[in-house]
Each structure stands twice: as C-alpha cells, then as structure tokens.
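**Student:** sequence first, then the predicted structure, then my questions.
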Number of protein chains: 2
Amino acid sequence: MNPTAKPADYARSNCAVASTLDLIGDKWSLLVIRDLFGGKATYGELLASSERMPTNILADRLKRLEEAGLIEKKAYQERPVRFAYSLTAKGRDMGDVLIALVRWGTKHLPGTVALDVATRRLKARTPRKTRRE
Amino acid sequence: MNPTAKPADYARSNCAVASTLDLIGDKWSLLVIRDLFGGKATYGELLASSERMPTNILADRLKRLEEAGLIEKKAYQERPVRFAYSLTAKGRDMGDVLIALVRWGTKHLPGTVALDVATRRLKARTPRKTRRE
DNA sequence: ACTGTGACTTGCATTTTGCAAGTGACTAGT
DNA sequence: ACTAGTCACTTGCAAAATGCAAGTCACAGT
C-alpha cells in the first residue's frame, strides 16, 4: 500500500493492539474465524455453532471480515449458487491469537474446553475443508 | 449487569475461546490490560491513553476486570484516598494474547506500531517460550 | 472561602446487538 | 402446476452497550 504507512481511517490510534481490536474486538468475529479453522465453510454451518449467533450478526461479520481480507467467499456451485467461506493467509495468521485465547481460557476458566478439531488444525496450521466437528 | 456474576453465568458455551471473549471480547478491555502492562496504574493515567476511552467505560471495565480477577485495586495513599490498579497473575497471563495481537497488527495493518514500553515488559515477562515446530 | 485535582457517576443520545419473521432463488415431491 | 423445503441472507424493531458532557464527592492548597 502506501510506503508512508498511515493508520486506517477508522483506527482509534496507531497502536497495533487497538487497531486489531477495531477489526476483531467483539464477541463474534473470532468465533467465526475459529469455526473456519475448524473446517466449517458455509453460512449454515457457521450458524449451527453452539453459541447460536444471530443470523444478521453473522452476515455482518462475514462481510466485514471479507472486506478486511481475512476471509474469502467463493461459490462452490451454481444453480442454486452456494457459497463457501475460507480463511486467507491473513486470516490464518489470527491462529496465534486464537491459540493464546484457548490457552488462557482453559487455564483460567473452569469448565471450558478447547474444541479439539479446531485446536488440532490450529496447531497443524493446515486448513482443509472436510467435515464439521 | 449482575454483581455476583461469575464467568460461567454469562458463558455462551463451554468453548474456551467463546468464554474468554465473554470476558475481554470488546474494544476496550484489552487496552486497559495493555496499559497496565505498560506501567500505568491510576484511573487518570489509564484515561490519558491515546485512544481516549470514555470515563464511564473505563470505570465499568475496571470493575469487570477486577471482579473477574484479572486486575486488583489497592489504595496507595489515604487522605485523600487514591487507588492504583495492577495486574494479577491471571491478568498477566493475558500477555500472550496481547503479544499475538501486536504481532498480527504490526504484520497486517500498515501504520500500526507496538507501543515499545508495553512490548518490552510483555516480552520480559515471557522467559522465551519453547516454540514447537 | 475559593480553586483545583483525582476518581468516579449520572443523564441522555447514538450505535450495536439480539430475536423473530420475511424474502428470493432454487429443488424435489406429488 | 402446486406445495413443501433448503440455503443464504434481509428487514423490523426492542433491548443493551457505547459515547459524550456534565456533575459529584472528598480532599488539599492558597
């Protein structure tokens, strides 16, 4: 982009933490990324997660994450057209954040678990699109 | 907001990521933790951060983080009583999340920087974790 | 008594979230 | 052809969270 790099216009500051939070600092965005790591790909699969995300929120987050370049949307069939979402390299780099959150949660929040399929893929860093959990 | 709230009370699922996000999944909580890592301690110092957090939000986040055991509040003087906030061990463990966010931000968001004082402390406290292949 | 400071609270408008229901494209069954 | 069903979203609206300005309270200095 610009060699004299400036923070994005929506950014609160030039702090890397604050700017990253501007993008994924909410209760849902990272769950979408978690599920894509976990092998989910379609709107319906993402909706079916145990946290029961509202459909309008999912649509909004998919749009934002796509605009930000963390995920991409491709039609995997025509007639009827159906879409599959997947992580870009930029989105896959969020894996470290996810791992840090999993570690903190399992250590400090009793009763929480790492979703094992997602975790295995996170560590393997090999996103394939096979079946769900 | 429930005064006797424990993490499990408002958890959406038993997923470690989701439950951790229930706690710190917003635009401000991790900035407070970042600033405490960076050596800030008082309400006024925290307010003075470049992101200009609203005062009521700061008060709310300090209360929530204290209730969750990530930070603690101690009077550092009487007459007039003045408070200093600091990270508990539990809060310091969020350092890994912060590091992951800094890495992602500086890599993918042009114009963002790691606040160096905070970063130095973050890394100092991490005795070179063994990274597996 | 008056002014100032630190640490919050309060009131209220704006924004975001959450739920339910609806839409449009298509497909399969009768 | 008509009906039912699925998928991928939208829309409407109530509820909650956020953001801004101003106010409060306890004290301290002058």
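**Tutor:** Alright, I've got the coordinates.
**Student:** any idea how far residue B:103 is from the spatially most central residue of chain A?
**Tutor:** In chain A, the C-alpha nearest the mean C-alpha coordinate belongs to residue A:33, at 1.6 Å (Cα atoms, centre = their mean). Here the criterion is Cβ to Cβ, to the nearest Å. By it, residue A:33 lies 15 Å from residue B:103. All C-beta atoms are positioned from the backbone trio N, CA, C, and that covers glycine.
**Student:** check residue A:20 too.
**Tutor:** Taking Cβ to Cβ, one finds residue A:20 at 9 Å from residue B:103.
**Student:** cool, and residue A:72?
**Tutor:** Distance from residue A:72 to residue B:103, by Cβ to Cβ: 22 Å.
**Student:** quick one: the helices in chain A?
**Tutor:** A:16-24, A:29-37, A:43-47, A:55-67, A:89-92, A:95-108, A:116-124 (DSSP state H).
**Student:** which one of these has the lowest average pLDDT?
**Tutor:** Among the helices of chain A, helix A:116-124 has the lowest mean pLDDT, at a mean of 66.
**Student:** give the contact list for residue A:41.
**Tutor:** A:76, A:84, A:85, A:86, A:129 (Cβ atoms under 8 Å, 6 or more residues apart in numbering or on different chains).
**Student:** the fourth one: neighbouring residues, count only.
**Tutor:** Spelled out, that is residue A:86. 17 (other Cβ atoms under 10 Å in any protein chain shown).
**Student:** ok, now residue A:27?
**Tutor:** Residues near residue A:27, counting by other Cβ under 10 Å: 16.
**Student:** who are the contact partners of it?
**Tutor:** With Cβ under 8 Å, 6+ apart, residue A:27 has these contacts: B:21, B:22, B:25, B:26.
**Student:** for residue A:24, same thing?
**Tutor:** Residue A:24 sits in contact with A:30, A:33, A:65, A:70, A:94, A:97, where contact means Cβ under 8 Å, 6+ apart.
**Student:** widest-spaced pair of these?
**Tutor:** A:65 and A:97 (13.5 Å; Cβ to Cβ).
**Student:** these two: which is more packed in?
**Tutor:** residue A:65 (25 against 22).
**Student:** just checking, that one touches residue A:91?
**Tutor:** Yes: between residue A:65 and residue A:91 there is a contact under Cβ atoms under 8 Å: 7.1 Å.
**Student:** give the intersection of the neighbour lists for the two.
**Tutor:** A:33, A:71.
**Student:** residue in chain A nearest to DNA strand C?
**Tutor:** residue A:80 (3.3 Å; Cβ to the nearest atom of the strand).
**Student:** quick check: the residue nearest to the centre of chain A touching residue A:87?
**Tutor:** Yes: counting by Cβ under 8 Å, residue A:87 is a contact partner of residue A:33 at 6.9 Å.
**Student:** close to DNA strand C: what parts of chain A are there?
**Tutor:** A:26-28, A:52-57, A:60, A:79-81 (Cβ under 7 Å from any atom of the strand).
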